[in-house]
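A.B. asks: Generate coordinates for the sequence data below:
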Amino acid sequence: MTKVKICGLKEVQHVQAAVQAGADAIGFVFAASKRQVSIEQAQQLAKHIPEGVLKIGVFVNPTPEELRAAVSSVPLDYVQYHGDETPDFIVQQGYPSIKALSVHGAKDVQAAANYAVDYYLFDAPGTDYKGGSGHTFDWTLLETAGIPREKLILAGGLKIENIHEALALVSPCMVDVSSGVETEGSKDTEKIAAFLQAVKRGRV
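C.D. replies: Numbers count the residues shown, from 1 in each chain. From the prediction side, this is the model:
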């Protein structure tokens with residue numbers, strides 16, 4: 001069954017709503033974003049995440065020191081690299097890793113082959129920030145990506161209205177949603193629950 005990551009959480013009530021609805025992973029954004037949290041904020045929020053639910057930190061071009069502090073303090077299960085990090089840099093850090101790639105075209109999908117990571121996250125290009133734009137991309141580009149489905153995470157503009165189409169076409173191991181479970185820029189507990197139900201039960 002496809003897993004679900006709810007990303008960009010900043011409030012205890014939204015973390016609790018995601019966990020109660022069956023989220024498999026919670027994403028904390030440490031990069032510049034309207035959803036950005038500090039290490040201290042993430043640490044407090046993580047106290048409401050039970051064992052078995054992954055804690056994933058989202059970074060854009062972090063320093064080794066920033067990563068070390070966040071991974072150990074929160075603590076994090078995975079580091080999601082969302083910037084221009086080189087394959088060598090990611091390997092050198094040694095953390096369980098996810099490489100996010102913004103998909104403009106086929107070359108961006110093919111670039112995944114350069115990275116030795118645990119998972120590959122394909123996202124729509126960002127607008128003001130890296131990722132989190134609320135837009136989708138051409139999912140058919142992933143059909144010839146050569147990425148094992150058990151390592152493929154789909155993000156970018158996902159919401160309850162298009163999640164079934166996304167699952168049918170891409171069959172990712174995990175979907176990543178942020179703006180799709182928001183109302184007027186803030187997380188919406190009802191949308192979080194509805195999205196998870198749509199994925200887990202296979203109906204909207």
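
A.B. asks: What is the burial count for Ala194?
C.D. replies: Neighbours of Ala194 under the rule other C-beta atoms under 10 Å: 16. In this view, the C-beta of every residue, glycine as well, is placed from N, C-alpha and C.

A.B. asks: Please, which helix or strand holds it?
C.D. replies: helix 189-201 (DSSP states H and E).

A.B. asks: Also Phe28?
C.D. replies: Of the helices and strands defined by DSSP H and E, Phe28 is found in strand 25-29.

A.B. asks: By neighbour count, which bits of the helix or strand following that strand are buried? Give me those.
C.D. replies: Taking DSSP H and E as the definition, the helix or strand that follows strand 25-29 towards the C-terminus is helix 39-46. Of the residues in helix 39-46, those scored as buried under the neighbour-count criterion (16 or more other C-beta atoms under 10 Å) are Ile39, Gln41, Ala42, Leu45, Ala46.

A.B. asks: repeat for stretch 7-22
C.D. replies: Cys7, Gly8, Leu9, Lys10, His14, Val15, Ala17, Ala18, Val19, Ala21.

A.B. asks: Let's have those in TSV, adding secondary structure, distance to Ala31 and pLDDT.
C.D. replies: As requested, these are exported to TSV (DSSP: H, G, I helix; E, B strand; the rest coil; distance: C-beta to C-beta, whole Å; pLDDT from 0 to 100):
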residue	secondary structure	distance to Ala31	pLDDT
Cys7	strand	11	97
Gly8	coil	11	97
Leu9	coil	14	98
Lys10	coil	14	97
His14	helix	19	98
Val15	helix	19	98
Ala17	helix	23	97
Ala18	helix	20	98
Val19	helix	23	98
Ala21	helix	25	96
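
A.B. asks: Just flag the most distant two among the residues you listed.
C.D. replies: Pairwise distances across the buried residues of stretch 7-22 (C-beta to C-beta) peak at 17.3 Å, for the pair Lys10 and Ala21.

A.B. asks: what sits against Thr140?
C.D. replies: Leu169 (C-beta atoms under 8 Å, 6 or more residues apart in numbering).

A.B. asks: actually Tyr120, sorry about that
C.D. replies: When contacts are counted by C-beta under 8 Å, 6+ apart, Tyr120 touches Ile98, Lys99, Leu101, Ala112, Ile147, Lys151, Leu152, Ile153.

A.B. asks: helix or strand for the fifth one, which one?
C.D. replies: Spelled out, it's Ile147. Secondary structure assigned from DSSP H and E places Ile147 in neither a helix nor a strand.

A.B. asks: Let's verify the residue nearest to the spatial centre of the chain: helix, strand, or coil?
C.D. replies: For the chain, the residue lying nearest the average C-alpha position, counting by C-alpha atoms, centre = their mean, turns out to be Asp176 (4.5 Å). Using DSSP: H, G, I helix; E, B strand; the rest coil, the structure places Asp176 in strand.
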